[in-house]
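Novice: Build me a structure from this.
(2 chains)
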Amino acid sequence: MALITGKKCGDEEMGALGLESEVAEARTAFDSGKTKGFEWRKSQLKALLRLLQEKEDDMLKVLKEDLGKHRVEAFRDEVGAVAKSVDNALLNLKKWMAPEKLSLPLAAIPTVAEIVPEPLGVVLVISSWNFPIGLSLEPLIGAIAAGNAAVLKPSELAPATSEFLADAVPKYLDCEAIKVIQGGPQVAEQLLELKWDKIFFTGSARVGRIVMTAAAKHLTPVTLELGGKCPAIFDSLKSSRDKKVAVGRVAGAKWGSCLGQACIGVDYLLVNDEYAPTLIELLKGVIKEFFSNSEHLARIVNKHHFQRLCNILQDELVAASVVHGGSVNAEELFIEPTILLNPPLDKEIMTEEIFGPLLPIITLKKIEDSIEFIRARPKPLVIYAFTHDEKFKRRIVEDTSSGCVIFNDTLIQYVCDTIPFGGVGQSGFGQYHGKFSFDNFSNRKPVGRRSFLIEFSFRYPPWNEKKLQLLRHIYRFDYIGFVLCFLGLKRYSYRS
Amino acid sequence: MEKIKAEAVVEDLRASFKAGKTKAYEWRVSQLEGIARMIMERETEIMEALQSDLGKPNMEAYLHEISLSKSACLFALKQLKEWMKPEKVPAVITNFPSSAKIVVEPLGVVLIISTWNYPFSLSIDPVIGAIAAGNALVLKPSEIAPATSAFFAKYLPEYMDNSCIKVVEGAIAETTTLLEQKWDKIFYTGNGRVGRIVMAAAAKHLTPVALELGGKSPVVVDSDVNLKVAAKRIVVGKWGCNNGQACIAPDYIITTKSFASTLVEALKTTLERFYGKDPLKSADLSRIVNSNHFKRLTNLLDDENVSSKILYGGMQDEKQLKIAPTLLLDVPHDSLVMKEEIFGPLLPIIMVEKLEDSFDFINSMPKPLAAYLFTNNKKLEKYFIRNVSAGGILINDVALHISNPHLPFGGVGDSGIGAYHGKFSFDAFSHKKGVLSRGYAADIPARYPPYTPQKQWVLRHLIDGSWWAILLALLGFPRD
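Specialist: Modelled structure (predicted):
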């Protein structure tokens, strides 16, 4: 695969050396200090906003080309969401950059202290193919807001978007400090050998391990946004309207967002035995209502993933559990919304993240058993639960662990920048969105100040018992005792 | 330690964690109280262990290890309820109506590997954080401080819940076996070489890490300061901290050519006042921890270009593993003593034409754990803070920030990843979990296919936070 640089001076073949010089340029830009200033950061964010507005059509086009996303889905999930994040960053940038003054205990007087956020330096953002615009630009917003220079390597599995970013970003942003480097695993490997001040990776656990191992050589901090099997617990809801809305939300999260190829999409459903048939009927109805026209659904990203999903369905026992859908179109790379009822738990469909339009429904004797079911498996990026039962909600929050928990809806955490977005355990570590993005790419540096005026002689050698006693009093904030001891009127009582 | 044993230890702890033992507030309080009691009741044993491992004067042992650990424990006890509380956060307009909060939960089973120079506090401090956050843990103390390691192996089981807190003693083999297991977090204090090994091992299991490493912490000294006080603070920060074997001890000094000799005289006077004319005999100086490090330090002085620059000190006693406080002036910048973290009682003084030149010098080296500046010049101070990147900065004093539980303590770049102390310890061993709650009252058709231009209009304005769009959306516009 040809490796093309993001430089505005035309396309060139870039070898490892060219790559290194690009990164070196970003390093020089950072060392010059220009990315640290408020004005630079603001100008870059504003330029990003302009890019999103002026190139909106182009973006919707490449997302259609790479993933078959409908314009509205592409806008809702990627272009619009990123624009909202840039707006939020511009609004809050000054506040985020301000040092945080600390109130300190009396004994620390006359120390004054604050926490000063500073950029880490030159950061590497490696993004994924399923939300190729969103997952590239969202971390970039954080990197820029925090004052870093950045190199973005978009996924080669979404080639039209990668090409778009390599072309558009240098035209709008400071091309010395913000670089887009295209390429596949080889280029990623070369980039990972260099020394970065932070690496932000979105993708699979397998590659996450490779990234972190490479980062370890340079002691580079990393954020890994991985995936997992995100369950949706479906409790019995009283009103039929609520049921319909809930099912609509599940369907939207399963098939309406990149045809199930989303880290926070619903992977499988948990419901109790009695309720399953109703749920299946409701789902069928919603599929008909929303997705009759396959134009409104995305496509599987490539042949490899298409084949992977077909293989899952080909297993005899799995195929037997299909209750709706199951048809595939190899030419279009399309698989219709498919529902399976209780496929075997030891097959790939229930041991690996599906990342496709297959929806297993697992039935349990009672819905509370869903907690044990989830606990027995790796921690997911999100747990969805549709329920009105406050006690059950509390148990879900307290007895399971996941990146986050959403009640009675799906996907909304993606646009909520007041809660941190990120995984735990096998679903990753490190968080972003909103101020969490800014913090992710910052070093929060404590700065303390002392004056020369007040000096405690007992800090210094030569040491003796009396100095030790004075210190005991100070450390207990026992000022009266301290004064008495200092004046020789009290001996420190050890056990008091 | 065989693999089987390590696996069994982790399995044990996982079972305890799964059973929910460590999550309850009462359990965490009982464990923290256990630590506090241990520190108070065993103070003599702790001081003896530190004396045995490092020749640490009782005063230092009290100041830097015992009292710091005790106050960290009491601070956690006082704040724990507050720390454990969920944090309500504003929900966003795009999700209207909804409510949001951030819930804090433990990571699970964690591994804490500590080091030898402050073998007590650098073990207890992270342990306090892990327990406060509700985790089960293994503590592996450093084998280079064997008396303290033995102290933990003996007393932690007496004061704490053994089913959730275990001590594993040992050296490289045991550490390697432990690192092969799957942990929910690894907290390592030590050097960069082993830090890389720890992080690479953690990568296999996608385990997050905190690495508290070191670096060359510079002290920039301006000529406009109260020299008497500055000299005292520098001296006690360097040699009063384990005889320079501390990650935040001043590693080297930078000052102007014109001020250097005045500064050196002040340092010499202070050194003599603190440690006498024969510092090798002073009871107030720690010894070098072992013969390996003794050799390492004396090797630094073997370089002719370095030994010729000794202005003060330089005396050694190999049998006692003692090296006197040593001042060096103007050593070559490429000598080993200026390339590696010294971690000992040698203090090079680098001279520059003007102080602003010192910033470039500092920035040409890996980012240190701490950077210090002595000055009364506010402009210089501002410039220093803005342009020197370090784990922490202290103006007009040295090392003190380690005792303040309100300041995050940790490195950046080569000096480490992550921070702790106070609430930062609690956060280091926690997962912040967002919880979003919605109802069914308001459902927005524009979210769902089939997609139309009207739906795109609504979504666009909804995302912008337009109230009009929200109203329309809530009223069910557009209808399919």
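
Novice: and residue 445, how many neighbours?
Specialist: Looking at chain A here, since you left the chain open. Other residues within reach of A:Lys445 by the criterion other CB atoms under 10 Å in any protein chain shown amount to 24. C-beta here means a position set from N, CA and C on the backbone, and glycine is covered the same way.

Novice: wrong one, chain B
Specialist: Other residues lying near B:Pro445 total 16 when counted by other CB under 10 Å.

Novice: Can you give the distance from whichever strand or helix holds A:Tyr384 to the centre of its chain?
Specialist: Taking DSSP states H and E as the definition, one finds A:Tyr384 inside strand A:382-386. Chain-centre distance of strand A:382-386: 17 Å, with CA atoms, centre = their mean, to the nearest Å.

Novice: Pull the residues that contact that strand.
Specialist: By CB atoms under 8 Å, 6 or more residues apart in numbering or on different chains, the surrounding residues in contact with strand A:382-386 are A:230-235, A:237, A:246, A:249-250, A:253, A:264, A:266, A:374, A:392-393, A:396, A:400, A:402-410, A:413.

Novice: and if you look at stretch A:25-42?
Specialist: Under the contact criterion CB under 8 Å, 6+ apart, stretch A:25-42 has outside partners A:90, A:93-94, A:97, A:118-119, A:121-122, A:144-145, A:147-151, A:174, A:176-179, B:386-387.

Novice: Give me the residue ranges of the chain where confidence is low.
Specialist: Just going to use chain A. Applying pLDDT under 70 to chain A flags residues A:1-14, A:105-111, A:474-496.

Novice: could you do chain B instead?
Specialist: Counting by pLDDT under 70, chain B contains low-confidence ranges at B:479-480.

Novice: hmm, try it at 90
Specialist: Filtered on pLDDT under 90, chain B yields the residue ranges B:1-4, B:57-60, B:62-64, B:91-98, B:283, B:302-304, B:399-406, B:439-480.

Novice: Next one: B:Glu143 from chain A, what distance?
Specialist: 23 Å (CB to the nearest CB, to the nearest Å).

Novice: doesn't B:Gly170 make contact with that residue?
Specialist: Yes. Here B:Glu143 reaches B:Gly170: they are 6.3 Å apart, a contact under CB atoms under 8 Å.

Novice: Name the residues contacting each of those two.
Specialist: Taking CB under 8 Å, 6+ apart as the contact criterion, no residue touches both B:Glu143 and B:Gly170.

Novice: Direction included, what does the strand holding A:Tyr384 pair up with?
Specialist: Paired strands of strand A:382-386, with direction, are strand A:231-234 (parallel), strand A:404-407 (parallel) (DSSP bridges).

Novice: start to end distance for stretch A:28-47?
Specialist: Using CA to CA, to the nearest Å, the end-to-end distance of stretch A:28-47 comes out at 21 Å.

Novice: no, scratch that, I was asking about stretch B:396-412
Specialist: Using CA to CA, the gap from the first to the last residue of stretch B:396-412 comes to 22 Å.

Novice: what's the answer for stretch B:238-247, then?
Specialist: In terms of CA to CA, the two terminal residues of stretch B:238-247 are separated by 10 Å.

Novice: Which strand residues bridge residue 328?
Specialist: All of this refers to chain A. Taking DSSP bridges, one obtains A:Ile335 as the residues bridged to A:Val328.

Novice: that's the wrong chain, I wanted chain B
Specialist: Using DSSP bridges, the bridge partners assigned to B:Leu328 are B:Ile310, B:Pro348.

Novice: so it makes contact with B:Leu346?
Specialist: Yes. Shown here, B:Leu328 and B:Leu346 form a contact pair, counting by CB under 8 Å, at 6.4 Å.

Novice: shared neighbours of those two, which are they?
Specialist: Residues touching both B:Leu328 and B:Leu346 by CB under 8 Å, 6+ apart: B:Val337.

Novice: In the stretch 301-450 of chain A, what residue lies closest to chain B?
Specialist: Taking CB to the nearest CB, chain B has its nearest neighbour within the stretch 301-450 of chain A at A:Ile419, 2.9 Å off.

Novice: Could you give the number of residues near that residue?
Specialist: Other residues within reach of A:Ile419 by the criterion other CB under 10 Å amount to 27.

Novice: for the one 5 residues further on, same thing?
Specialist: Using other CB under 10 Å as the criterion, A:Val424 is surrounded by 26 other residues.

Novice: these two touch, right, it and A:Cys404?
Specialist: No. At 9.3 Å, A:Val424 does not count as touching A:Cys404 under the criterion of CB under 8 Å.

Novice: Alright, calling it a day.
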